[in-house]
Every structure is written in C-alpha cells, then in structure tokens.
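Novice: Next one to model:
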Amino acid sequence: MERTLDRLPSSLRRYCIEHDAARYSPRDHAAWRYIMRRAHDFFKDHAVSTYQDGFAKVGLRVDRIPHIDEIDQALQTFGWGAVPVVGFIAPWAFIEFQARKILPIATDMRTVEHIAYTPAPDIVHEAAGHAPILPDKAYSDYLAYYASLGMKAIYSQQDLRLYEAVRYLSDLKEKPESTPAIIAGAEQRLQETLRAFTSVSEQALVARMSWWTAEYGLAGSLKSPKIYGAGLLSSVAESKMAITDQVKKIPLSIDCINYSYNITEPQPQLFVAENMQHLHDVLRALEQKLAYRIGGVASLVKAVEAQAITTLVLDTDLAVSGRLVSYEHQGERIDFVKFAGPVQISRNGHQLLGHGHERHAHGFSSPLGRLAQKTNKPLAQLSDSELGEVGLVIGHTTGLKFVSGFEVNGRVLHLTRKEGRVVMISFGDCTVRRGSQVYFEPAWGEFDLVVGDSIPSVFGGPADREAFGEHEIADATTTPGREVPYTPEELKLFSHYQTLRKLREQAAAKDQSHSLLASQLEELAQDVLKHAPFEWLLQLEIYELCRERLDAKQLQARWCTVLKQSLDPQNRPEPTRELLDEGLRLLDSATH
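Specialist: Residues are numbered from 1 along each chain as shown. This next block holds a predicted model:
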C-alpha cells in the first residue's frame, strides 16, 4: 500500500518529514507508555465508545511510540491517511491536509517534565487524540467537512500574528534550554498579540468551532457526557476536570462560535453534541455565515478588513487572489476592485497561464459590470459580432464605457476565453478613468480587464496555492524539539530506561529466573536511587516490574522497601505527587 506521504502535492510535502522513530529515547517511550496506560484506564469509562476499539484499529500500541507509517497504513482502511510533520505548521496547510482526509501528526514527543500536558503539537495529541475517533465515519466526515470550510474562511493579518505568537511560546515551553525569562517574554508577546485584536475573522470563528468540537468536544447527555475531543483525549488530568461540575456543560449549537478560548488555561465551559451527526448540523449553520457563501459587498468588507490574501470569485468563474485594498460600489452593484500585490488570476482552482505574481507583482485593479453600450447582456455573453460592435477585436483600439461610469481606452491585445465566453481582456497603451480620476496609465504596462457582473463568492487564501506560494507566513523563529545535545547524565539515564525495557520483555517471555530478575532489578534500582533520585517515572516502572514478577519475600527485601518509600507521593512536590498517585493506583488495580 502506497504511503500517503509519497503522493502529496509539493505544496503540502514541504511541511512533512520522514519519521525517524529511532530518535526517540527509552525515556520517551516510557512517557508514552505511562500516558497510554493512564488514558486507557480513564477513557474506557469516559470516552465515546469508538475510542477503545479505535485505538487498536488505527495502529496504536500502549508499550511504545508508534511509527506514523503504521498509523497511515491503518487509517487508509478507513479512507484516511497520516503524514509526519514538525510541530506547528501553517494553519491553511493543516486545514488542507484534513480536507484531503490526511491527519498531520507532529513527530515530537512531550518530555517527562510535561507528561500531563504540553501546548506544543506532539504525537500524543494527534495520534492518540484524533486518530482513535476516525473510524467513526460521521466524525471523520465532520473533520473533512470542517476542513473544507476552514480552507475557505477568511483569515486576517491578526490571525497570522497570533499563530506565530502561539507557536513560538509552545515551542519554547518544550525546549529544556529555555530559561524562565525567555518563556516569560514569549508569554508577554502572546498577551500583547491578543490585546491588539480589533475584530474576529471568519477563520477565528471556524477555529472556535473546531476547538469546541474536535479539540474539546463532549457528546451524549449533559449530565453524563462522553469525551471525543483530541485535546481532552491527550490529557487525562484536564479530562478529569472537564467531566466535573466545575466546568459548565452547554448544548452544542452555532452559538459556540461566540465563545473565545485561551489555550494556556483550563476551559470554563464545554459544549455537548447529541451525537456525531449533530456536529454536521451545527457546521452547516456556520457555513451559511461565511463570505464564500454570501458574496457581494458584505464579503468585500470582510476581505478589506482582513488585510490578508483573499480570493474574489466572479460570476464568470474567474478568480482574483491577492490583498484587497479597496473597492467601489453603488448599493449592491460592485464597480471596481483594487488589490495590492502579489496577485493571481485563476479559474476553477488553476492559475491562468502567465497571470501569476510575476505579471501582477505590484497589484491589480479592474472595473466590473456591464457596458453602457450593451446594458441588456453581460459582457461575457456577448457574441463575436457584438464584441466587434464595441471594438473588442484583437489589434483594434477601442473605448469601453461601463454603466458605472468607468472608461477603458486602449489597444486590444488578447481575449481570454473559457467555454466560449470572454473572461478577460488584455490591453496595451491603456488608460482607465472615471470622470477626472485616473486609475491606470499607459506607462504602467499592459492592463488586464477581468470580466464579470458580480462577485458571488469571496474566500480566504489564493485560489491556486501551489502556484501562488506563501507570502504571509515568515520563517519560523523557533522550532519544537531539543537543540542542545544530551548530557552524559541524561545518556546514562536513558540507558537505565533501556535496561528496564529489556528486563520487562525478558520477564514477559519468561527468559530468566525470578532470582536473576530480582538481582538485576536490585542493581538497577540502587543505581537509580543513588544517581537519579528525582526520576519518578523510572522508579515507578522498576517498582511496577517488581510487583508483577517478584514474590512476596523478594518484595520485602530492603532495596525494594527503599524503592517503595521513595515513591511515596507525600515526599514529592506537585504535580509529581498527582502523577505518582495515578501510577500507583494503576499498579494496584492491575495486581488485584
């Protein structure tokens, strides 16, 4: 079966990497194992029914971090796929992956220090949060439907600045080399970005819908809802609070988009869907509010306000993509549009030959509407003889007068036709004016007039992203994952984790006697207690194997007693105390 990674378009492939599973340390695998054991114990009772079976169906295992190729192969049987990416990726890229029914999975693994929760994308969140629910067709169709709206929603420059501020802070929090002062500075930057917001974009509204459903969604009854949101499924601690009365439960409706969220704080309210099909109903209500459905002047208002790349689709299916800076209209009649560069002209999602940012690097403008000479018929529907009557013949110089008062005077260089209709006219030696105001002069080069009576749709981003390229996201100022080399002490610690993993595998295969295992565990425990007294997870795993494989007499040995005492939660600070409490409870439930 071909990998999803190998059939991506270049515009998406650039965000992906090969998943180097060998870079995960034994400590990383131990963190995954702890998280998964805790998750299975809690979510068997509190997640939607799909979760339990879905976990295995999508290629996940409790004992080790999965390879994303394995998840991809499993998901393909459900009509989805998975690809490895590095941390945060551009919002539109993430959305396009999902619209194609591809789950982008961050390859980083949260550290033991952030084992309960990390703000940075990691393999726990994507693989163990989103993937297990994808076998539910109603849910997976909802994700793809949501993503298709996300690709069309208008985003703003403020959204882009927020994306970068969130990504920067999240990355820094996972870096062991980040000092408190550096993190504090990033937190301040995020708060300043939030305070600077002056409006809520369509993209923000769609993101809120995703947050309250795919990330933090509950389903079922208000009194006893089940969890399906990936943000909750990747954090048992947050999920435990979510199902209590401390968090208000609200029936899911379109009203959820009026609730903002803060990714750095617990959510004060959550929304409960009746079932997965209910998600579709609410999303359809949101769709009707988007500019790509509304079109017209109201959508142009949103496009100018966004100060970001948007696409105006004309009634001739011609699309102009760029940063709309102004427009002129009379009531609902749109007379003129003006873009800042770069600009792309497309049709049906494909850039017209020669009409990318090379030709329109510095901007683009055009009158729209009907000709004063032919008010009974749209310009695009004029026959060849009617075109000739108004002078639209290649090589001829003509003067077009629009109902709006705009005049275009120049020599006709080219008529672009699609399905027999003229959709664009290129002029040389051209002047565009209305009254005394000049909008285009001959010295500026060739002029392209796009043909259309109305603008039925406006959406965010360019029409042909691969041809347009990215012109708004700056190079990342940091990336997730560790950059400094491991210290000798850390490498020694990793070797202890690896030793324990081998002992567990040998014990499961019954390849050694109890006395030999006890001796090896004693040696390992004493070394860890002496040189890594605060490494609670390693100590917990050693004690777990002791409980599983040693007899009562061996468990009473002094070294084992000392190990047990070191794991007393009362001797540890928060949040380690709670994590140890949970780990010991799991041991007790497994041995009774």
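
Novice: which stretches of the stretch 201-350 of the chain aren't confidently modelled?
Specialist: Counting by pLDDT under 70, the stretch 201-350 of the chain contains low-confidence ranges at 264.

Novice: likewise the chain?
Specialist: Along the chain, segments meeting pLDDT under 70 span 264, 473-482, 511, 591-592.

Novice: Centre-most residue in it?
Specialist: Closest to where the C-alpha atoms of the chain average out (Cα atoms, centre = their mean) is F94, at 4.1 Å.

Novice: And that one, how far from H130?
Specialist: As judged by Cβ to Cβ, to the nearest Å, F94 and H130 stand 12 Å apart. The C-beta positions use only the backbone N, C-alpha and C, and glycine is treated the same way.

Novice: where exactly do the strands run in the stretch 1-150 of the chain?
Specialist: Using DSSP state E, counting those that start in this stretch, the strands of the stretch 1-150 of the chain run over 81-85, 102-106.

Novice: Can I get those strands in CSV including mean neighbour count and distance to E2?
Specialist: Converted to CSV, these look like this (neighbours: other Cβ atoms under 10 Å; distance: least, Cβ to Cβ, whole Å):
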stretch, mean neighbour count, distance to E2
strand 81-85, 25, 10
strand 102-106, 24, 13
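
Novice: Ok, which of those comes nearest A22?
Specialist: For A22, the closest of those is strand 81-85, at 13.3 Å, according to Cβ to Cβ.

Novice: Contacts for the closest one, please.
Specialist: For strand 81-85, the surrounding residues in contact (Cβ atoms under 8 Å, 6 or more residues apart in numbering) are 4-5, 8, 15-19, 68, 71-72, 75, 97, 101-107, 127, 131.

Novice: Sitting in helices, which of these do you find?
Specialist: Mapping the contacts of strand 81-85 onto helices (DSSP state H) picks out 68, 71-72, 75, 97.

Novice: For H67, grab the count of nearby residues.
Specialist: Counted with other Cβ atoms under 10 Å, residues neighbouring H67 total 16.

Novice: any idea how far R33 is from it?
Specialist: In terms of Cβ to Cβ, H67 sits 16 Å off from R33.

Novice: Also L286?
Specialist: According to Cβ to Cβ, L286 stands 39 Å off from R33.

Novice: How about V408: what's its closest non-neighbour residue?
Specialist: Distances taken as Cβ to Cβ, 6 or more residues apart in numbering place L400 nearest to V408, at 4.4 Å, with adjacent residues excluded.

Novice: where's that neighbour, which helix or strand?
Specialist: Assigning secondary structure by DSSP states H and E places L400 in strand 397-401.

Novice: Which strands and helices lie in contact with that strand?
Specialist: The contact analysis (3 or more Cβ pairs under 8 Å, 6 or more residues apart in numbering; DSSP states H and E) places strand 397-401 against strand 406-418.

Novice: Buried residues in the strand it packs on, which are they?
Specialist: For strand 406-418, burial by neighbour count (16 or more other Cβ atoms under 10 Å) applies to 406-413, 415-416, 418.

Novice: with those residues in mind, which one is nearest to S140?
Specialist: Nearest to S140, judged by Cβ to Cβ, of those is K418 at 35.4 Å.

Novice: follow-up on the earlier one: the strands of the stretch 1-150 of the chain: which one's closest to T50?
Specialist: For T50, the closest of these is strand 102-106, at 15.1 Å, according to Cβ to Cβ.

Novice: Tell me how far the closest one lies from the chain's centre.
Specialist: Distance of strand 102-106 from its chain centroid, counting by Cα atoms, centre = their mean, to the nearest Å, is 9 Å.

Novice: Now do the end-to-end distance for stretch 368-378.
Specialist: 10 Å (Cα to Cα, to the nearest Å).

Novice: ok, and what's touching it?
Specialist: Stretch 368-378 has contacts (Cβ under 8 Å, 6+ apart) with 314-315, 333-337, 379, 382, 386, 389-390, 400-404, 406, 450-455.

Novice: repeat that with 6 Å
Specialist: Contact with stretch 368-378 is made by 334-335, 379, 390, 400-404, 452-453, as judged by Cβ atoms under 6 Å, 6 or more residues apart in numbering.

Novice: Please pick the buried ones from the residues you listed.
Specialist: 334-335, 379, 390, 400, 402-404, 452-453.

Novice: Contact partners for L218?
Specialist: Listed by Cβ under 6 Å, 6+ apart, the contact partners of L218 are 225, 270, 272.

Novice: still on that earlier bit, among the contacts of stretch 368-378, which two are most distant?
Specialist: Put simply, by Cβ to Cβ the two of those set farthest apart are I334 and V390, 21.0 Å from each other.

Novice: Only the C-alpha atoms, please, for stretch 529-539, written as CSV.
Specialist: Backbone C-alpha positions of stretch 529-539 (Å, rounded to 0.1, in the frame of the first residue of the first chain) are rendered in CSV as follows:
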residue,chain,number,x,y,z
LEU,A,529,18.0,5.8,43.7
LYS,A,530,21.6,7.0,44.1
HIS,A,531,22.1,8.9,40.8
ALA,A,532,18.6,9.8,39.7
PRO,A,533,16.6,10.2,43.0
PHE,A,534,14.1,12.6,41.3
GLU,A,535,13.4,10.4,38.2
TRP,A,536,10.0,9.3,39.5
LEU,A,537,8.8,7.6,36.2
LEU,A,538,11.8,5.3,36.0
GLN,A,539,11.5,4.4,39.7
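
Novice: No further questions, thank you.
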